[in-house]
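>>> 3D, please:
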Amino acid sequence: MKIGKWGEEAWWCTWHDSQIISISGCHAWPEYSKHAWRLMVRTATIKQYRGRAPGSLRYMHNDFNWGHILSHQVKHAEHKGATELYFTTNSDTSGDHNSLRTNKAIAKTFEPNGLAKLVEKDATVFYTKQNVWRILSSGWNY
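The predicted structure is shown next:
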């Protein structure tokens with residue numbers, strides 16, 4: 001997870017029956033832009049809980065991280081002075097199948113609904129080929 005390795009960072013967990021079932025972090029990302037934060041870092045959900053969060057499939061609310069934690073990370077980063085909010089998705093076809101599925105889901109849900117915009121395709125971010133998405137705060141309902 002690399003907790004404690006990102007500099008200024010924060011982490012959120014979803015608990016069920018005294019067990020962490022989902023986790024996601026965010027961190028300041030001055031390497032990308034002076035006032036940027038990278039959200040949805042190292043997201044993970046235990047397999048049997050994937051897609052089981054309450055809410056709409058249209059906005060990926062059925063995912064604990066994307067549908068429920070992301071809005072808290074947006075607020076946290078803005079509170080810390082972020083003026084640019086990003087997340088990355090793995091885009092290398094030789095990578096993890098679940099990561100590639102997330103990339104496709106973001107393209108089909110967040111971008112058409114005005115929640116995020118692809119700003120850099122196949123960028124190398126921390127030694128991994130990823131797409132960089134800018135979060136469009138105007139689309140978030142918190």
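>>> can we go C-alpha only for contacts and neighbour counts from here?
Will do.
>>> neighbours around residue 12, how many?
The number of residues packed near residue 12 is 18, by other CA atoms under 10 Å.
>>> Ok, residue 101 next?
Neighbours of residue 101 under the rule other CA under 10 Å: 14.
>>> just the CA coordinates of whichever strand or helix holds it, formatted as PDB?
Per DSSP states H and E, residue 101 falls inside helix 97-109. Only the C-alpha atoms of helix 97-109 are listed here, as PDB (Å, rounded to 0.1, in the frame of the first residue of the first chain):
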ATOM      1  CA  HIS A  97      -7.200  -7.100 -15.400                       C
ATOM      2  CA  ASN A  98      -9.200  -5.300 -12.700                       C
ATOM      3  CA  SER A  99      -7.200  -2.100 -13.100                       C
ATOM      4  CA  LEU A 100      -7.900  -2.100 -16.800                       C
ATOM      5  CA  ARG A 101     -11.600  -2.700 -16.200                       C
ATOM      6  CA  THR A 102     -11.600   0.400 -13.900                       C
ATOM      7  CA  ASN A 103     -10.000   2.400 -16.600                       C
ATOM      8  CA  LYS A 104     -12.700   1.400 -19.000                       C
ATOM      9  CA  ALA A 105     -15.500   2.000 -16.500                       C
ATOM     10  CA  ILE A 106     -14.200   5.500 -15.700                       C
ATOM     11  CA  ALA A 107     -14.200   6.300 -19.500                       C
ATOM     12  CA  LYS A 108     -17.800   5.100 -19.800                       C
ATOM     13  CA  THR A 109     -19.200   6.700 -16.600                       C
END
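>>> what ranges of this protein fall below the confidence cut-off?
Scanning the chain for pLDDT under 70 picks out 1, 59, 93-98, 137-142.
>>> in it, which spans are strands?
Applying DSSP state E to the chain gives strands spanning 9-16, 19-28, 36-45, 84-90, 116-125, 128-135.
>>> Work out the sheet partners of the last one and label each with its direction, please.
When you say that, I think you mean strand 128-135. strand 84-90 (antiparallel), strand 116-125 (antiparallel) (DSSP bridges).
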